[in-house]
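Enquirer: Output the structure for:
(chains A, B and C)
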Amino acid sequence: MDFFDRFAVPHPSFLIYASMVAIGLTVIAVLVGITYFKKWDYLWREWLTTVDHKRIGIMYLISALLMLFRGGVDAIMLRAQLAIPDNKLLESQHYNEVFSTHGVVMILFMAMPFIMFFFNFVVPLQIGARDVAFPRLNAISFWLFFMGAMLFNISFVIGGSPDAGWTSYFPLAGNDFSTSVGSNYYMIAIQIAGIGTLMTGINFITTIFKMRAPGMKLMQMPMFTWSALISNLIIVFAFPVLTVLLAMGTMDRLFDTKFFAIGDGGSDMLWANLFWVWGHPEVYILILPAFGLFSEIISTFARRNLYGYKSMVASMVVISAFSFFVWAHHFFTMGQGALANSFFSITTMAIAVPTGVKIFNWLFTLWKGKIEFTTPMLYAMHFLPLFTLGGVTGVMLAMSAADYQYHNTMFLVAHFHNVIIPGVVYAMLGGLTYYWPKMFGFMLNERIGKWTVWLMSIGFVLAFIPMYITGLDGQARRMYTYSEATGFGPLNMVAFIGAGIMAISFALLVYNIYYSVRYSPRNIGNDPWNARTLEWATHTPVPEYNFAVMPQVKSTEAFWDAKKNGHEIFKGKIEKIHMPNSSGLPFIMSCIFFVFGFSMIFSIWPLAIISLLGILGCLVYRSFEKDHGHYIPVEEIEETETKLRGAK
Amino acid sequence: MKLKWALLAMIFTVAAVLSGCEPLLVLDPKGPQAKVQADDIMLSIWIMSGIVIAVFAILVFVLVKYRASKQSADYEPPHIEGNMLVEAICIGVPIIIVIFLSVMSVKSNYEVEATPKGYEGQEPVVIYASSSNWKWHFSYPEEGIETVNYVNIPAGRPLEFKLYSYGPITSFWIPQLGGQKYAMADMVTTLHLAADEPGELMGRNANFSGAGFAENTFDVQAMSQTDFDKWVKEVHDTAKPITEEKFNELLQPGHLGRSTYTGTHLEFSPAPEHNHGSADSDKDSEEGEHHHESSDSEKETDHSHH
Amino acid sequence: MKIDHSLPLEYSTEENRLKIFGFWIFLGAEIMLFATLFTSYFVYEHRTGNGPSGAEIFEITPVLMETILLLASSFTIGLGIHAMRLGKQKAMMTFFSVTLVLGLGFLGFEIFEFVTYIHEGAGLSTSGFTSMLLTTLGTHGLHVTFGFFWGLSIILQVKKRGLTPETANKSFIFSLYWHFLDVVWIFIFSFIYLKGMM
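Expert: Down below sits the predicted model:
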């Protein structure tokens, strides 16, 4: 019986049992549905084994949207609990689990796959490549991420969720103070997803450096590709730190090592340091691609080239370099003294300079433009003022002496949501609306889209501006309740209403997808937005091989040149195209990783060893496998091209 | 757009009304350190408001002037690469602001990390504040007093809080006296504070430390030196001495009310002011501590901290 | 698959060039991984708690043996790649085999070293220092172990398929990996053992 005890949820509640049943029913429904419609073969052939970057991208997108709703439900629960003083909706332990998973899910399993979706779908098209450098590795990246995310998500029905915050500081996350397996989930699920992310980083750096279309110099890459390159460079340098950190945390929890223990030479401060050595660059991994997307969107709908291309690139390089030298601003209050705090205070404020350059460049891109307020543009135009607000509060937080007062309060919570939501989430949703027609061949409804943006901004302002105020009034973050005497009540109620409005706007987004699938016109052509870069030069839907003829590039805006200045992108004849083969191995190996992770979490050693051997077996199989890919013959390409041209 | 500005303005008004006549805690300092921080905060709010207004103004201007509906159908936006002068201004002005704020920041850093301004000549009151799940223990080594969940301080004298933790990282925070600092298991940190006037203040742990975190607060009573001396004397007359057994009982996870003892736990469970075992004497004391704890945990059942 | 005969075999196709480039990026990530381990090691160097310190447990003999074996293996794999470039498959396979045998010798000594540490009361859970020491050494050791099996599978493939652009590419990448482990070991030798014994 002891064996099964650990799988039980340590602090069960009605909500958890209800979600268990809901999850069980959903899984059964999906399985029955696939079987009933005889889609297993299709699913396996076209999706589970695919190595096509566009399909992998779409799978990232679906995962990210699912996780957005998971994290969003968490957020609503948190705000509901805090809406009134002394609320009894969630008990302390449950609240702690919810905010811990909210943070992890939103950052690592929502924002990360969302940018991975853009890397995958957009970058090869933007640089005129037929796929990424290592298509098979790309599939492994996705499936490892996916299994990591799934593993993390089952935690609240099997064994209990992590409850030490998304930062999981030790000794709180150690065995002494976090007794359920929750923190094991944290260590191992993120580790598995993190390996996938690292592989993505390697893959895209190679792709961008080595597979650009003929003629495209580095300083002629579209801005999103630049941001992707820099973001992936940060991934390669930052994620190994996380790998080591999580390994140390895992060993502390499973093998009784003394890294972060109290006494015996352990150092609880090292966790915080290493966590943020990874964690701060991680923020820029998310925000730089967002900046890249906004650059594309703003330039497209201002009908102008991007102002200050070179300083845009330079500012991203500077930001990425600085991002590794600011980590201690997450704990100015750790007692490292005035000198160290001064150093990190100055480096942090210095990041405001390149960020400011970007804001001004966007404003100057609008200048003398011909601005059209489409939905993606509306996201960008809401981003600019709201993000500026978040940015300047960041500068305020960077003043280390004053940070002694902001630290650990709702002021900080308001700040980082104020940069991440208008910065990252708006970019993701704006970019999604922007690239939707390229993916699926129809547009999302503009009217509903604009409602979504306005509601989201109104909800956002209502939800987060009050937190700045309660923070300055002494409301610490992560408190599951507060007394009426504190006076935090009314503003928290406002925040709850704001969160509710944001929830409505996300619901509208879903409705928009449903509505557009049913009613949107399908004959939209290849370039519905009148855009400027290569991804719009190919057909919609994009054929498997992306470009029948390799594009020729001479400037930052090849497609715009083609439309306005008579630049010829597709010179030369169609030749046979080499494409990689699909493979089931990435999926199978990642499934074994899931089993491995699960057995590690629950210390089921025999299974852990067997699954580890399984993973190694997959690697050996891969090493001996002969896979030279296949060629698409010229006739087949011509046939596809004629069909797609006709489909216009 | 306009709608949004109206909304923003409305929210700030509502907020101001809601928070009522009482100023926000952090912006209502009762001591020199909190004053430094509140001044920094207000200064940065003003400067940042300037930047925000500038950006908003430019944005509104370009959005109004260059929207497609206002232009002729055949208008072709020009191709502009960038302008050295404009970009130099965009870099230069923020750099000047950042340099100014950096100077302010560094200056304040040294102020909050030293004896508060105006209190330099005086002998500080040293108070060891240690946290355990989810309580605060205050030890006055010079006065020979230990309290739980409340701290009495003399107003008009510099205070030196020595912080450490019997468990997760916590953060010691009395908003109206000054910003917080971490209490950790492996190191003693020092927070310099002072209270200008007698009065009652709120203090809490600001760093998440588990299930009982929300209620992990303590009362601060600033009193005149004579009242403080009177209180010290009263404690010595009435309170019981703290014993190791009693202290270990106090360390058990949970919430306790206020309590008072004579003597301090520092005598049998010293603060982790060691140098990680490089000096032998420190190592011995560390070992001693461990020995104590292990024997205790055998006696009492299920000692949380080991 | 286009083969460019003006380049060495391992660089001769587009795919091969991509793989070598990608592997260099991977090594960049590995450098960060070991840099993190070393930084953490310096944090724990004197955090010995109640356990022994480095000076008390380090012994020069096994460490010197490990160093000699690994340096020698780095040399032999270099010879192996040289032989491969000359198209001498047999010589190459011999040098690769010698490399792996030397690697195995290294692992043998390392296991012996670990057993000794544990006998002397310096186990994984003794102190912050011993946890970190064994983790750092263990991470390197696991890399060598993984490299051993990887190298073995490459030898088998070269034996079966001969020197093709594909097998040459794999062998070359493997040699990069092996050299990298050697470089890491030099850092371990200098900054963990020598520094600890002084």
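Enquirer: Most proximal residue of the stretch 251-400 of chain A with respect to chain B?
Expert: Nearest residue of the stretch 251-400 of chain A to chain B: A:G335, at 3.3 Å (C-beta to the nearest C-beta). Any C-beta I mention is one placed from the backbone N, CA and C, and that applies to glycine too.
Enquirer: pLDDT averaged over stretch A:330-337, what's the number?
Expert: Taken as a whole, stretch A:330-337 carries a mean pLDDT of 93.
Enquirer: is chain C contacted by it?
Expert: No - applying C-beta under 8 Å from any C-beta of the partner chain, one finds stretch A:330-337 separated from chain C by no less than 13.7 Å.
Enquirer: Alpha carbons only: can I get that stretch in PDB?
Expert: Taking Å, rounded to 0.1, in the frame of the first residue of the first chain, the C-alpha atoms of stretch A:330-337 are listed here in PDB:
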ATOM      1  CA  HIS A 330      16.500  39.700  -8.600                       C
ATOM      2  CA  PHE A 331      17.800  39.600  -5.000                       C
ATOM      3  CA  PHE A 332      19.300  43.000  -4.100                       C
ATOM      4  CA  THR A 333      18.200  42.200  -0.600                       C
ATOM      5  CA  MET A 334      20.400  39.200  -0.100                       C
ATOM      6  CA  GLY A 335      23.000  41.200   1.700                       C
ATOM      7  CA  GLN A 336      25.800  41.300  -0.900                       C
ATOM      8  CA  GLY A 337      26.600  44.900   0.100                       C
END
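Enquirer: and the residue in the stretch 451-600 of chain A positioned nearest to chain C, helix, strand or coil?
Expert: The minimum distance from the stretch 451-600 of chain A to chain C, using C-beta to the nearest C-beta, falls at A:H578 (7.3 Å). Classification of A:H578 using DSSP: H, G, I helix; E, B strand; the rest coil returns strand.
Enquirer: and it, how many neighbours?
Expert: For A:H578, the neighbour count with other C-beta atoms under 10 Å in any protein chain shown is 17.
Enquirer: Please tell me how far it sits from A:L125.
Expert: In this view, A:H578 and A:L125 are 18 Å apart by C-beta to C-beta, to the nearest Å.
Enquirer: Over to C:T13?
Expert: Taking C-beta to C-beta as the measure, C:T13 falls 24 Å from A:L125.
Enquirer: And residue 28, which helix or strand is it part of?
Expert: Unless you meant another one, I'm taking chain A. helix A:14-36 (DSSP states H and E).
Enquirer: was after chain C, sorry
Expert: helix C:14-44.
Enquirer: Give me the contact status of stretch B:109-125 with chain A.
Expert: Yes - using C-beta under 8 Å from any C-beta, stretch B:109-125 reaches chain A at B:N109, B:Y110, B:E111, B:V112, B:E113, B:A114.
Enquirer: between those residues, which is closest to chain C?
Expert: Chain C lies nearest to B:E113 out of the residues of stretch B:109-125 next to chain A, by C-beta to the nearest C-beta, at 23.2 Å.
Enquirer: In chain A, spot the helix with the most residues.
Expert: For chain A, the helix with the greatest residue count under DSSP state H is helix A:268-301.
Enquirer: Next: chain C.
Expert: Using DSSP H to define each element, chain C has its longest helix at helix C:128-161.
Enquirer: Can you confirm whether it lies near chain A?
Expert: Yes - counting by C-beta under 8 Å from any C-beta, chain A has neighbours in helix C:128-161: C:G128, C:F129, C:T130, C:S131, C:M132, C:T135, C:F149, C:W150, C:S153, C:I154, C:L156, C:Q157.
Enquirer: what about B:P78, distance to A:A302?
Expert: Going from B:P78 to A:A302 by C-beta to C-beta gives 11 Å.
Enquirer: which of these two has more neighbours?
Expert: Set B:P78 next to A:A302 and count neighbours by other C-beta under 10 Å: A:A302 wins out with 27 against 9.
Enquirer: Just the buried positions in stretch A:625-644, please.
Expert: A:I632, A:I637, A:T640, A:L644 (16 or more other C-beta atoms under 10 Å in any protein chain shown).
Enquirer: What is the burial count for the closest residue in space to the last one that isn't next to it in sequence?
Expert: Going back to what we said before, that points to A:L644. Leaving out its chain neighbours, the residue that sits closest to A:L644 by C-beta to C-beta, 6 or more residues apart in numbering or on different chains is A:H539, at 4.0 Å. Using other C-beta under 10 Å, A:H539 has 20 neighbouring residues.
Enquirer: My understanding was that A:H539 contacts A:T642; is that so?
Expert: No - between A:H539 and A:T642 there is no contact under C-beta atoms under 8 Å: 10.9 Å.
Enquirer: Got the domain ranges for chain B?
Expert: B:2-66+B:82-112, B:125-280+B:290-304 (automatic domain parsing).
Enquirer: can you list the residues of the stretch 151-300 of chain B near chain A?
Expert: B:163, B:167-169, B:171, B:173, B:175, B:178-182, B:184-187, B:189-190, B:202, B:204-214, B:276-277, B:286, B:289-290.
Enquirer: In ChimeraX, select just the buried ones from those residues.
Expert: Only the buried entries of those go into this ChimeraX selection, using 16+ other C-beta under 10 Å:
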select /B:163,167,168,169,171,173,175,178,179,180,181,182,184,185,186,187,189,202,204,205,206,207,208,209,210,211,212,213,214,276,277,286,289
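Enquirer: low-scoring stretches of the chain, by residue?
Expert: In the absence of a named chain, chain A is used. Chain A contains residues with pLDDT under 70 at A:1-2, A:646-648.
Enquirer: To clarify, I was referring to chain C.
Expert: C:1.
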